[in-house]
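Enquirer: sharing a sequence plus its predicted fold:
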Amino acid sequence: MTTYRSMTWSSKRPSPFDMTTVASLAVLQAPAHWRRLDFIADLHLQAGADASFDAWRDFMRGTQADAVFILGDLFEVWVGDDAIVAANETDNFAARCAQVLTAAAQRLSVYFMHGNRDFLVGTSFAATCSLTLLDDPTVLEFGGQRWLLSHGDALCLQDTDYMKFRSQVRSTQWQKLFLQKPLSERQEIGRQMRLQSEESKRTGMANAVPLVDLDAQLTCEWLRTAGADTLIHGHTHRPREHDLGQGLRRVVLSDWDLLASPVRASVLRLTKAATADEAPGARLERLPAALA
Ligand code: MN
């Protein structure tokens, strides 16, 4: 992965990617031989939810993609990479996830972008599983086009409480202090968060699903600055394609819930034209994970 630095912003105007001064944008150039890429997000895997885990494991084992992009919230909660070595139920779950990722990374490239629930996945876990961590956002160059990839939460400007929380928990200082707490304490915090999430689902207050949507103006600004016409993102759990005007669009990934009726578990697949006879570029399609 290279970092694209030739892009500059007017000094009068802050970069749309950061409230402060980030003036670089990560760019991932797809190797020429890549033909097929799979995108997933918002699986919210957790101990005890075996149906989703099994579907995800089967997908990771079976996909013939050259790369899988996990665009955030693979995990319902992640309290630190050290969870993988501990020995209670939650930790066995983390280790099982690591096994799936590691096995997949032996035959294809696996990219991981943080979501608002698993932002503490760190370089140690990534190294263990041979994942490549992606910045949010990242530009993907593939099929002669630039695709902007993001989890999506940073664009939900109307969710002001969350945006405050986000800037707090994404700070190095906050993360350092949190990770200094004993694992058992962090796991307890994680359990409480899961209980709250379950409770709000039961009472119909879909806390697990963000009620606000992406800010259209900022989304367009991101796309224009990135030189991309399509944003692929998750987070909102509202899978569809939005025409943003002026040739810009965003394509929203589905969340996964194998106990829902109908089942929600889909993959967004980007396939490059194979021959000169086909239209140039790449084709996007959404398909059930079980058929991916
Ligand atoms: Mn999310």
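Expert: That came through fine.
Enquirer: ok, the closest residue to the ion within the stretch 101-250 of the chain - contacts?
Expert: Among all residues of the stretch 101-250 of the chain, His235 sits closest to the ion, at 3.8 Å; criterion: Cβ to the ion. From N, CA and C alone the C-beta is placed, and that goes for glycine too. His235 makes contact with 41-42, 72-73, 115-116, 151-153, 156, 210, according to Cβ atoms under 8 Å, 6 or more residues apart in numbering.
Enquirer: redo these as JSON lines? Include neighbour count, pLDDT and distance to the ion.
Expert: Putting those into JSON lines (neighbours: other Cβ atoms under 10 Å; pLDDT from 0 to 100; distance: Cβ to the ion, whole Å) gives the following:
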{"residue": "Ala41", "neighbour count": "30", "pLDDT": "98", "distance to the ion": "8"}
{"residue": "Asp42", "neighbour count": "30", "pLDDT": "97", "distance to the ion": "6"}
{"residue": "Gly72", "neighbour count": "29", "pLDDT": "98", "distance to the ion": "6"}
{"residue": "Asp73", "neighbour count": "31", "pLDDT": "97", "distance to the ion": "4"}
{"residue": "Gly115", "neighbour count": "26", "pLDDT": "97", "distance to the ion": "4"}
{"residue": "Asn116", "neighbour count": "21", "pLDDT": "95", "distance to the ion": "4"}
{"residue": "His151", "neighbour count": "26", "pLDDT": "98", "distance to the ion": "6"}
{"residue": "Gly152", "neighbour count": "29", "pLDDT": "97", "distance to the ion": "7"}
{"residue": "Asp153", "neighbour count": "25", "pLDDT": "96", "distance to the ion": "5"}
{"residue": "Cys156", "neighbour count": "21", "pLDDT": "94", "distance to the ion": "9"}
{"residue": "Pro210", "neighbour count": "19", "pLDDT": "65", "distance to the ion": "7"}
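Enquirer: ok, so of those, who is nearest Arg240?
Expert: Comparing the contacts of His235 against Arg240 with Cβ to Cβ picks out Gly152 as the nearest, at 13.1 Å.
Enquirer: state the distance from the closest one to Ala47.
Expert: Distance of Gly152 to Ala47, given as Cβ to Cβ, to the nearest Å: 25 Å.
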